[in-house]
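Novice: Next comes the sequence, and after it the predicted model I'd like to discuss.
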Amino acid sequence: MNKIGVFLDRDGTLNLEKEYLSDPAGLELYPGAAKAVKELNKLKLPVILVTNQSGIGRKMFTEKTLLKIHQKLAKMLDIEAGARLDAFYFCPHSPEEKCRCRKPKLGMVEKAASEMDINPKVSYFVGDKIADIKLGKNAGGKTILVQTGYGKEEENKMKEKPDHIAKNLLAAVKWIKKDVAAG
Ligand SMILES: [Mg+2]
Ligand SMILES: [Zn+2]
């Protein structure tokens, strides 16, 4: 199976980084983020959200609240651009729990790969943190750092460079589009 997917980080990539967002009302999309997702929909590339939500493990909010946030996120993407995320995966654990799904570990990617028949080695990984880039490298795919959220700070701290650095998600998607077309 050689299906390409796009693994997207949430906070700092799609929506503004707000440190443990725990209220759907606090969700704010970056300008162009909904349009970026819509572009991926048009390219028929599955868009897979992969997000570390240790606020659940730290008892700052519940899984039920997270699901409400994701429903609101889906609604905002739809209203703004008719855009759709094909799947939502989250790691609810705190780092101390030493789970297998907290990025940069591959648990969520492996689950998505098997459930959605996607090959991570031909897929794209977009995020604003070193963990997102490491995730993509661990999966054997192509990695793009966005300079939104923590992106600029993280860029200076990175040892292993991503395949591309983009100013925001829309610019990242433009790069993906070209890269896919180049085969
Ligand atoms: Mg992030
Ligand atoms: Zn986990």
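Specialist: Nice, thanks for sending it over. If you're wondering where the values come from, they're calculated on a predicted model, not measured in any experiment. Numbers count the residues shown, from 1 in each chain. Ligands and ions are numbered 1, 2, ... in the order given.

Novice: Any part of the top helix by length along the chain near ligand 2?
Specialist: Identified as the longest helix of the chain according to DSSP state H is helix 63-81. No: shown here: helix 63-81 not in contact with ligand 2 (C-beta under 5 Å from the ion), separated by at least 12.1 Å. The C-beta positions use only the backbone N, C-alpha and C, and glycine is treated the same way.

Novice: From the contact counts, what lies against that helix?
Specialist: Helix 63-81 is packed against helix 33-42, with contacts defined by 3 or more C-beta pairs under 8 Å, 6 or more residues apart in numbering; DSSP states H and E.

Novice: who touches the helix it packs on?
Specialist: With contacts defined as C-beta atoms under 8 Å, 6 or more residues apart in numbering, helix 33-42 is touched by 6, 8, 13-15, 47, 76-77, 80-85, 168-170, 172-174, 176-177.

Novice: just the buried members of these?
Specialist: 6, 8, 13-15, 47, 76-77, 80-81, 83, 85, 168-170, 172-173, 176 (16 or more other C-beta atoms under 10 Å).

Novice: Just the ones of those residues in helices?
Specialist: Going by DSSP H, the helices hold Met76, Leu77, Glu80, Ala81, Leu169, Leu170, Ala172, Val173, Ile176 from the buried ones among the contacts of helix 33-42.

Novice: wait, doesn't the last one sit right on Ile4?
Specialist: Just to be clear, that refers to Ile176. No: taking C-beta atoms under 8 Å as the definition, Ile176 is not a contact partner of Ile4, at 9.1 Å.

Novice: quick one: common contacting residues for the two?
Specialist: In contact with both Ile176 and Ile4: Leu45, Tyr124, using C-beta under 8 Å, 6+ apart.

Novice: Up against ligand 1, what does this protein have?
Specialist: Near ligand 1, the residues belonging to the chain are Asp9, Asp11, Gly12, Asp128 when assessed by C-beta under 5 Å from the ion.

Novice: rerun at 6 Å
Specialist: When proximity is defined as C-beta under 6 Å from the ion, the chain approaches ligand 1 at Asp9, Asp11, Gly12, Thr13, Gly127, Asp128, Lys129, Gly149.

Novice: so which of the residues you listed is the most crowded?
Specialist: Within the residues of the chain next to ligand 1, most neighbours by other C-beta atoms under 10 Å means Gly127, with 35 neighbours.

Novice: quick one: the closest residue in space to that one that isn't next to it in sequence and Leu27, what's the gap?
Specialist: The spatial neighbour of Gly127 that comes closest, neighbours along the chain excluded (C-beta to C-beta, 6 or more residues apart in numbering), is Asp9 at 3.2 Å. To Leu27, Asp9 is 15 Å away according to C-beta to C-beta, to the nearest Å.
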